[in-house]
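Participant: sequence and predicted model, in that order:
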Amino acid sequence: MGMTTGNGRALGADPFPIDVVPHVDGRTLDEIATIRLAPWLGPDGIFMVDDPSGFARHEVVPCYEPEDLTGTEPGEPRRWAIATSRERPSDAVMRHLDSNLARMPARGRQKIPWLPPETFHGRLPLASDAVVVPRISQTLRGVRLPAGAMPVNHNLVVVSGMPTDSMLRILSDPRVRAQADALALRLESGYRSYTATLLRRLRIPEELVP
């Protein structure tokens, strides 16, 4: 029987490539920004809908999934998240949830049935533009998230007090990207996996911090 690594990958004759993390002087990203994980809302059609017209404007939030974040600016939203709190929502929201919650897997069910698997009330969406980092990508990249919109399905959200353009410039800097790409887990077809822990470790050159 062949040997495997701790994550189950088979060990062959060829060594796995190991990237050297370049040395960069500066502060960690964790010192200048907060990294949040976008919520998982369960299967489509429960807390995420394609058509928001059946709900009041304050009950839905435009949201972006990983496949929507292919450039540096998100396009028009394709889905909307139903925003609920601990208070009972409107009859329209309750009718929708009563008709669809049976499809929610056990791990996503809450004691308060109108709450999503991972609540975002009071945390998202943000009142100002932010930066989203797709977790699966061929290289580290940031995407501008407009105020009032919300990322979902565990994308990474970088929140800081600096201008959005400044954070996008930081994440696209070759010295920062080189660190992230060296630390990220390699996947198939040239893709890498980026995590909140990885982002927090990145060293940011002082001249990039406004």
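Facilitator: Here it is on my side, so go on. As the structure is a computational prediction, the values presented were derived from the model and not from experiment. Residues are numbered from 1 along each chain as shown.
Participant: all strands for this protein, in order.
Facilitator: Ranges of strands in the chain, per DSSP state E, are 27-28, 34-37, 48-49, 60-64, 79-82, 130-133, 136-137, 143-145, 150-151, 156-159, 185-186, 192-193, 203-204.
Participant: just those strands: most buried one?
Facilitator: strand 150-151 (a mean of 28; mean count of other Cβ atoms under 10 Å). The way it works is simple: take the backbone N, C-alpha and C, and place the C-beta from them, glycine included.
Participant: contacts for that strand, please.
Facilitator: 38, 61-64, 69, 81, 120, 124-125, 132, 145, 157 (Cβ atoms under 8 Å, 6 or more residues apart in numbering).
Participant: in CSV, list those residues along with pLDDT.
Facilitator: CSV is the format used below for the contacts of strand 150-151 (pLDDT from 0 to 100):
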residue, pLDDT
Ala38, 91
Val61, 94
Pro62, 94
Cys63, 92
Tyr64, 87
Leu69, 74
Ala81, 96
Phe120, 87
Leu124, 80
Pro125, 79
Val132, 92
Leu145, 86
Val157, 92
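Participant: can I get these in a markdown table with distance to Leu187?
Facilitator: Converted to a markdown table, the contacts of strand 150-151 look like this (distance: Cβ to Cβ, whole Å):
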| residue | distance to Leu187 |
| --- | --- |
| Ala38 | 19 |
| Val61 | 30 |
| Pro62 | 29 |
| Cys63 | 24 |
| Tyr64 | 21 |
| Leu69 | 17 |
| Ala81 | 27 |
| Phe120 | 27 |
| Leu124 | 27 |
| Pro125 | 29 |
| Val132 | 19 |
| Leu145 | 24 |
| Val157 | 21 |
